[in-house]
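K.L.:
need a 3D model of the sequence below.
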Amino acid sequence: MTETLQDTYPTQYWHKLDDDRVQCDLCPRECKLHEGQRGLCFVRANQDGKIVLTTYGRSSGFCVDPVEKKPLNHFLPGTPVLSFGTAGCNLACKFCQNWDISKSKEIDTLADQASPDKIARVAQELGCRSVAYTYNDPVIFLEYAIDVAKACAERDIKSVAVTAGYISEEPRREFFKYMDAANVDLKAFTEEFYWKLTGGHLQPVLDTLQYIKHETDVWLEITTLLIPGHNDSEQEVDDMSRWIMDNLGADVPLHFTAFHPDWKMMDVPPTPPQTLTRAREIAVANGLHYVYTGNVHDKAGESTYCHQCNTRLIGRDWYVLSDWNLDEQGNCKNCGTPCAGVFEARPGDWGAKRLPVYLKHHA
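P.N.:
Okay, here's the model as predicted:
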């Protein structure tokens, strides 16, 4: 069956200005565009006096990953997730680890085409419990992500947003209405970092975190990439983890991940493992129940522990699960304390496998 996909897709978050320009209202950047111009994200453009999405139905690729790779440690552990992204991004991070996709201005990047229904069908055929909007930020392809999420929900497949959370209030409400889980990239805890290294601002991201936690049922986890000399001081880690504790609560998992030189920060060294371990210690001391290290091999830092009796609830070696000491209700088998998260009676067994998927090979 041949699918017909639109080259451009109408959007609703914009308004006309007094001059000939149109303002995009999707994110705090509020790009003001003349006819034919694209926003910084590259995928939203002024066409005929309206903002359209230019990447609807087009992807930079699909892959089945372990859900822990998103990273989500408390959402259907051990299960496979069908991951995909498009092109472009509404931030300009100098340290971007997916810059070939997020900074792409080449339509050739968008090699795979699929309707929302086909993505949901293929996810179901492959035994995926969820679909993740990732690689680049789903905020900028909001309309496509929402339509995929609707198609997935009809098949009881969950939707996962991997996002920097840089989105304005009204579209934020619409977007997260259809998500089941989110990992939000809290890139640092200073305005200076956000402005100089991402071209954005800190406060909108904090607003998104509080909205997800307090106004939705979306399962939330947070990731911070610790970059030597830029956001890895003990003071900043202390300030950030205290803010999370005070504003989001003890049960929101926090992942500290290791930086490696990339994009426009090739001169910065990789994050030492001891920096991640120290950050984890600080966050736990500030009351957070679930703090992890990532992008390094650290069985202790990857595993989940009962915050009451310290039993290892979920053992992890990279993305392979070992210990499983949760009962069918998600409580510690040793002391009965609930472990926060979205769990099934038994964990999945996908392990560390990575399976590239070419949708054109699926009917």
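K.L.:
isn't Asp238 up against Ile282?
P.N.:
Yes - contact criterion CB atoms under 8 Å: Asp238 and Ile282 qualify, at 5.4 Å. Every residue, glycine included, has its C-beta placed from N, CA and C.
K.L.:
next structured bit after the lengthiest strand in the chain?
P.N.:
Using DSSP state E to define each element, the chain has its longest strand at strand 219-226. Counting by DSSP states H and E, the next helix or strand C-terminal to strand 219-226 is helix 234-247.
K.L.:
now do the buried residues in that following helix.
P.N.:
Of the residues in helix 234-247, Glu236, Val237, Asp238, Met240, Ser241, Arg242, Ile244, Met245 count as buried by neighbour count, 16 or more other CB atoms under 10 Å.
K.L.:
what angle do that helix and strand 219-226 make?
P.N.:
170 degrees (axes from the mean of the first three to the mean of the last three CA atoms, to 10 degrees).
K.L.:
please enumerate residues in contact with the next helix or strand after helix 234-247?
P.N.:
Downstream of helix 234-247, the first helix or strand assigned by DSSP H and E is strand 254-258. By CB atoms under 8 Å, 6 or more residues apart in numbering, the list of residues contacting strand 254-258 from outside reads 71, 73, 183, 221-226, 237, 241, 244, 270-271, 273, 276, 279-280, 283, 288, 290-296.
K.L.:
dump strand 254-258 to CSV, restricted to CA.
P.N.:
Extracted as CSV, the C-alpha positions of strand 254-258 are listed here (Å, rounded to 0.1, in the frame of the first residue of the first chain):
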residue,chain,number,x,y,z
LEU,A,254,17.8,11.9,38.3
HIS,A,255,20.5,10.7,35.9
PHE,A,256,24.0,12.3,35.8
THR,A,257,25.6,11.3,32.5
ALA,A,258,29.2,11.6,31.2
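K.L.:
strand partners of that strand, parallel vs antiparallel please.
P.N.:
strand 219-226 (parallel), strand 291-294 (parallel) (DSSP bridges).
K.L.:
just send those strands back as JSON lines, with mean pLDDT too.
P.N.:
Rendered in JSON lines, the data for the strands paired with strand 254-258 read as follows (pLDDT from 0 to 100):
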{"stretch": "strand 219-226", "mean pLDDT": "98"}
{"stretch": "strand 291-294", "mean pLDDT": "97"}
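K.L.:
with mean neighbour count added, can I get the ones you listed in JSON lines?
P.N.:
Below are the strands paired with strand 254-258 laid out as JSON lines (neighbours: other CB atoms under 10 Å):
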{"stretch": "strand 219-226", "mean neighbour count": "23"}
{"stretch": "strand 291-294", "mean neighbour count": "23"}
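K.L.:
mind checking which of those is nearest Leu359?
P.N.:
strand 219-226 (26.9 Å; CB to CB).
K.L.:
what's in contact with that closest one?
P.N.:
So strand 219-226 is contacted by 71-75, 95, 97, 180-188, 209, 212-213, 231-232, 237, 240, 244, 248, 252-259, 271, 275-276, 279, 294, 341-342 (CB under 8 Å, 6+ apart).
K.L.:
in the stretch 151-300 of the chain, where is pLDDT below threshold?
P.N.:
Within the stretch 151-300 of the chain, no range satisfies pLDDT under 70.
K.L.:
mind running it again at 90?
P.N.:
By pLDDT under 90, the weakly predicted segments of the stretch 151-300 of the chain are 260-265.
K.L.:
partner residues bridging the most centrally placed residue in the chain?
P.N.:
Nearest residue to the geometric centre of the chain (CA atoms, centre = their mean): Val162, 1.2 Å. Listed by DSSP bridges, the beta-bridge partners for Val162 are Asn183.
K.L.:
mind checking how far it is from Asp327?
P.N.:
29 Å (CB to CB, to the nearest Å).
K.L.:
if I look at the residue nearest to Thr208 when sequence neighbours are not counted, how far off is Leu206?
P.N.:
Of all residues not flanking Thr208 in the chain, Gly165 sits nearest, at 3.6 Å (CB to CB, 6 or more residues apart in numbering). From Gly165 across to Leu206, the span is 8 Å (CB to CB).
K.L.:
please say which of these two ends up with more neighbours.
P.N.:
Gly165 (26 against 18; other CB atoms under 10 Å).
K.L.:
please name the residues that touch that one.
P.N.:
Contact analysis of Gly165 by CB under 8 Å, 6+ apart lists Val139, Val184, Asp185, Leu186, Pro204, Val205, Thr208, Leu209, Ile212.
K.L.:
residues contacting the residue lying closest to the third one once chain neighbours are set aside?
P.N.:
For Asp185, ignoring the flanking residues on the chain, the nearest one in space by CB to CB, 6+ apart is Ala164 at 4.7 Å. Remark: with contacts taken as CB under 8 Å, 6+ apart, Ala164 is in contact with Leu91, Asp137, Val139, Val184, Asp185, Lys187, Thr198, Gly200, Val205.
K.L.:
what's near enough to touch the fifth one?
P.N.:
By that I understand Asp185. Counting by CB under 8 Å, 6+ apart, the residues that Asp185 touches are Val162, Thr163, Ala164, Gly165, Ile222, Thr223, Thr224, Leu225.
K.L.:
how about a cut-off of 7 Å?
P.N.:
When contacts are counted by CB atoms under 7 Å, 6 or more residues apart in numbering, Asp185 touches Thr163, Ala164, Thr223.
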